[in-house]
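1. Predicted model and sequence follow; I will ask about them next.
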Amino acid sequence: MVIPSPLERLPEKLGKPFDVELWIKRDDLIHPVISGNKYRKLKYNLLEVNKNNFNHVLTFGGAHSNHIASTAYLCKQFDLKCTGIIRGEEAKQISPTLKASLEAGMDCQYVSRSEYRNKNTPTYLEALQTKYPSAYIIPEGGANELGIKGCEEIVTECKDLTDFDFITVDCGTGATLAGMVRQLQPHQKAIGVQVLKGQDFISNEVEDFSPNYSDKFEIWTAYHFGGYAKFQPELIQFMRWFYDQTSIKLDPIYTGKQFYAVFDQLKNGFFPKGSRIILTHTGGLQGIEGFEERYGLEIYPNEHRRYKK
Ligand SMILES: *Cc1c(COP(=O)(O)O)cnc(C)c1O
């Protein structure tokens, strides 16, 4: 486990044409499976589990979910029973994420999409708690207050560059961003890149999680590339280019979109000259294999994937 995660300067030549400094917060290096913001969101939740002597964790996610993979793996580490409520009936071919989670000992309960939609409603949660009385329930993606608290540390760990101007992150629920905004200095701003399509209310959600920080962040909505886990050659091409420049892999669902957006906005002149910008690598590399299977391609040909043993 690599904590604090490294804060590295990206090659100077990448920022030079735009007169900016580019840095990267390497949460992808925290752990090959429990990577990025999923580690951040599970940290205080698992401390809570430990404090209250729970022996069972229950959570929610889709068949390719980084949160499911991380939770399964961490529960194995801490010898906790683990149940995953998985969206959609069991697929004919099980995803690499679920395969790894089952191997880690997760009990996967497949529920219909309509049942899954109840995942945050009190009556559904009560029914689950009755069925699994000893379980500590963590919401999808780890998006509760303890999860958000863990995400504050993405910013507080940037001690070597306290005078940065912008920090960017990709957003699903916006919980990670909601944690980060709480720790910004007055002159600093966070930018969230929305990866889901048609998610027009995400800034409200960030404000629900962290009220009174609306002037500390903005959301870029134009970089979802057609929606969650859609295939777009332009995005893959960008990720390969970035890998050639830096030897750093991105994933096509979250981080690829954020990094693409930042480079696009550099070209558009969004960032004032002299800006110091930190890009947050939120991890998610475990999802590459499932994406490659679905679309029959290799994102990084001839490479041994880092998350493989
Ligand atoms: C889950 C995930 C996100 C989304 O985080 P939110 O807190 O839901 O916005 C971003 N990046 C990666 C790699 C993820 O796994």
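-> Structure's in. What do you need?
2. Just confirm yes or no for stretch 246-262 near the ligand.
-> Yes. Contact of stretch 246-262 with the ligand (CB under 6 Å from any ligand atom) involves 254-255. Where C-beta positions appear, they are placed from N, C-alpha and C, glycine not excepted.
3. Buried residues of that stretch, list them for me.
-> 246, 248-262 (16 or more other CB atoms under 10 Å).
4. Just flag the most distant two among these.
-> Greatest spatial distance among the buried residues of stretch 246-262 (CB to CB): T246 and I253, at 19.2 Å.
5. hang on, S203 packs against T221?
-> No. With contacts counted by CB atoms under 8 Å, S203 stays clear of T221, the gap being 9.3 Å.
6. domains for the protein, by residue range?
-> Structurally, the chain divides into domains by automatic domain parsing as follows: 7-33+148-295, 36-142.
7. Pick out the residue of the stretch 151-300 of the chain closest to the ligand.
-> Closest approach between the stretch 151-300 of the chain and the ligand, counting by CB to the nearest ligand atom: G284, at 2.6 Å.
8. how about the closest residue to that residue other than its chain neighbours, what does it touch?
-> Once flanking residues are discounted, G284 sits nearest to D251: 4.1 Å by CB to CB, 6 or more residues apart in numbering. Residues in contact with D251 (CB atoms under 8 Å, 6 or more residues apart in numbering) are 283-285, 287-288, 291.
9. In which helix or strand does D251 reside?
-> When elements are assigned from DSSP states H and E, D251 belongs to no helix and no strand.
10. where does it fall, phi/psi-wise?
-> As for D251, its main-chain torsions (degrees, to the nearest 10) stand at phi -110, psi 150.
11. Check what pLDDT it gets.
-> As predicted, D251 sits at a pLDDT of 96.
12. Ok, S5 next?
-> For S5, pLDDT reads 98.
13. Who are the contact partners of it?
-> Counting by CB under 8 Å, 6+ apart, S5 has contacts 25-30, 157.
14. farthest-separated two in those?
-> Across these, no pair lies farther apart than D28 and E157, at 14.2 Å, counting by CB to CB.
15. Inside helices: which ones of the contacts of D251?
-> Those of these mapping onto helices are 288, 291, per DSSP state H.
16. pLDDT-wise, what's the bottom of the contacts of D251?
-> G287 (91).
17. Quick one: name the residues of the stretch 51-200 of the chain near the ligand.
-> Residues of the stretch 51-200 of the chain lying close to the ligand (CB under 6 Å from any ligand atom) are 66-67, 141, 143, 170-176.
18. and the closest residue to R26 other than its chain neighbours, how many neighbours?
-> Excluding the flanking residues, the one nearest R26 by CB to CB, 6+ apart is P6, at 4.5 Å. By the measure other CB atoms under 10 Å, the count of residues near P6 is 15.
19. where's P6 relative to the ligand, distance?
-> The span separating P6 from the ligand equals 17 Å under the rule CB to the nearest ligand atom, to the nearest Å.
20. where does the stretch 201-309 of the chain dip in pLDDT?
-> Scanning the stretch 201-309 of the chain for pLDDT under 70 picks out 302-309.
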